[in-house]
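Student: Would you be able to build a 3D model of this:
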Amino acid sequence: MRFAIAGAGVAGSYLGNMLQRRGHEVQVFESSRPENHWPVCAWGASRHMLTKFSQKAGLDFQDYIMHVGQRLRMDLPAGKVEYLDLKGLVTYNKHKWEHDLMQGLEIKYGIKVTKKDFPFDKYDYVLDCTGLHRTLLPKSDKDFIIPAYEYLLEGVIGENEFYTIGYKGAKGYFWYFPLGEGRGYMGAGDVEKKYHGIKEFFERHPEARIVKKIGRPIRLAPPKNMEPFFDGNVVGVGESIGCVFPMLGEGIIPSLLCCDFFIDALDDENGLDSKKYRKKVLSYFDYYDDVYRIVRLKMEGKLSTIRHAKLLMSMYHHMKKEESRFGFEVSLDKMNRLVNAL
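Tutor: Prediction:
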């Protein structure tokens, strides 16, 4: 079968690798040029999950790890501080990882695939892996995006561990993810665009040198809010259909899981079982809808730990079951303190 993949990010690079391994003809189209192509996000995820995905794609994830986290500090409103023990959360060389995934693939850089002029009829399927942009699928009126930007820094002294600041009303958070040897990603996502913590970080670290500044909003809407997943022979995969954990804005692992759901629903001769794919995505990510509702209720000042106890317990039970997927401890006491503090 012949596939076109729009977007050479995490979903596009992994899917391209897996489809080519199964003997399909694959072309990847990336709108940026090679010298400008850079994987956004802070490059943090669970080593347990990325080890499994890497093995499937013929890579050794150990070759890409930059920093192995031990403890994450969370600064909360009213001067409260919480710590999470980390259980596999790492930063990794996402740029090299995605580049190596695409070794041997035909990649056409500097080409933006649009509905207007792309030869869709030449392919069995065109996969929308454009992430936030959702370039080839109809826009959703239930989408929800928060503005964010971050810096890639070097020369930072004294910041050797994961660090976040949670904003009041769960309206966003600041992050610093170390990459080792004084390098790190520092940024924030904030509904109100105040980005508390960024100015303060630079004041504490005048030695920090900016390597890159990356502005990119974050989608929080779950898959249930991001239908349709299909349009003609276009199929959405990953963040383009809401595969992002709403509480954290983290899309690496959800997008890779979505890729596997696509592969599992694909018959190499008869094509994609679209009903199976849609059902698996909606079923697996069903609890993301509960998490999203919690976030929106908190933003609106309407979350009650009593009235919405069922929602909160749903989030806790699902996260606890997937501790290794997140790479950090999931504690009911700490979760309740976090929710109450924000």
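
Student: Number of residues surrounding residue 248?
Tutor: Residue crowding around residue 248 was assessed by other Cβ atoms under 10 Å; the count is 17. Placement of C-beta: from N, CA and C, glycine included.

Student: Same question for residue 309.
Tutor: Using other Cβ under 10 Å, residue 309 has 10 neighbouring residues.

Student: Residue 74 looks like it's in a strand, true?
Tutor: Yes: membership of residue 74 in a strand is supported by DSSP: H, G, I helix; E, B strand; the rest coil.

Student: residues contacting residue 316?
Tutor: For residue 316, the contacting residues are 330, 332, 335, by Cβ atoms under 8 Å, 6 or more residues apart in numbering.

Student: Which of those residues fall in helices?
Tutor: When DSSP state H is applied, the contacts of residue 316 are split such that 332, 335 fall in helices.

Student: Type out the PyMOL command that picks the buried ones from the contacts of residue 316.
Tutor: Buried residues among the contacts of residue 316 (16 or more other Cβ atoms under 10 Å), as a PyMOL selection:
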select buried, resi 330+335
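
Student: Please render the contacts of residue 316 as JSON lines that adds distance to residue 163 to the earlier fields.
Tutor: As requested, the contacts of residue 316 are exported to JSON lines (distance: Cβ to Cβ, whole Å):
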{"residue": "330", "distance to residue 163": "19"}
{"residue": "332", "distance to residue 163": "23"}
{"residue": "335", "distance to residue 163": "19"}
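
Student: Adding pLDDT as columns, could you present the contacts of residue 316 in JSON lines?
Tutor: Below are those laid out as JSON lines (pLDDT from 0 to 100):
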{"residue": "330", "pLDDT": "97"}
{"residue": "332", "pLDDT": "95"}
{"residue": "335", "pLDDT": "94"}
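
Student: doesn't residue 32 make contact with residue 110?
Tutor: Yes: the criterion here is Cβ atoms under 8 Å, and residue 110 meets it with residue 32 at 7.2 Å.

Student: which residues touch the residue minimising distance to the centre of the chain?
Tutor: Centroid-nearest residue in the chain: residue 251, 1.5 Å away (criterion: Cα atoms, centre = their mean). Counting by Cβ under 8 Å, 6+ apart, residue 251 touches 10, 41, 131, 219, 238-239, 243-245.

Student: Need the phi and psi values for it.
Tutor: Main-chain torsions, residue 251, degrees, to the nearest 10: phi -120, psi 0.

Student: Over to residue 175?
Tutor: Per degrees, to the nearest 10, the backbone of residue 175 is at phi -140, psi 150.

Student: My guess is it contacts residue 184. True?
Tutor: No: at 9.5 Å, residue 175 does not count as touching residue 184 under the criterion of Cβ under 8 Å.

Student: Please name the residues that touch residue 195.
Tutor: Contact analysis of residue 195 by Cβ under 8 Å, 6+ apart lists 149, 172, 174, 188.

Student: and the gap between the residue nearest to the centre of the chain and residue 297?
Tutor: 22 Å (Cβ to Cβ, to the nearest Å).

Student: residues in contact with residue 168?
Tutor: Residue 168 is in contact with 77, 342, counting by Cβ under 8 Å, 6+ apart.

Student: Same check on residue 84?
Tutor: Contacts of residue 84 (Cβ under 8 Å, 6+ apart): 71-72, 74, 328-329, 331, 334.

Student: Next, give phi and psi for the nearest residue to residue 332 once chain neighbours are set aside.
Tutor: Once flanking residues are discounted, residue 332 sits nearest to residue 316: 5.5 Å by Cβ to Cβ, 6 or more residues apart in numbering. Backbone dihedrals for residue 316, given as degrees, to the nearest 10, come out at phi -60, psi -50.

Student: Quickly note the distance from residue 316 to residue 172.
Tutor: Residue 316 is 22 Å from residue 172, where distance means Cβ to Cβ.

Student: Next: residue 77.
Tutor: From residue 77 to residue 172 the distance is 12 Å (Cβ to Cβ).

Student: Against residue 331, how distant is the closest residue to residue 293 other than its chain neighbours?
Tutor: Nearest non-adjacent residue to residue 293, counting by Cβ to Cβ, 6+ apart: residue 311, 6.0 Å away. Distance, residue 311 to residue 331, by Cβ to Cβ: 18 Å.

Student: got the contact list for the residue nearest to residue 293?
Tutor: Applying Cβ under 8 Å, 6+ apart, we find residue 311 in contact with 290, 293-294.

Student: now swap in residue 185 and tell me
Tutor: Neighbours of residue 185 in contact, by Cβ under 8 Å, 6+ apart: 41-44, 91, 150-153, 175-177, 179.

Student: Helix or strand: which one has it?
Tutor: strand 183-190 (DSSP states H and E).

Student: related to what we said a few turns ago, which one of residue 175 and residue 184 is surrounded by more residues?
Tutor: Using other Cβ under 10 Å, the more surrounded residue of residue 175 and residue 184 is residue 184, with 29 against 22.

Student: Identify the residue nearest the more buried one in space, chain neighbours excluded?
Tutor: Closest residue to residue 184 apart from its sequence neighbours, by Cβ to Cβ, 6+ apart: residue 178 at 4.5 Å.
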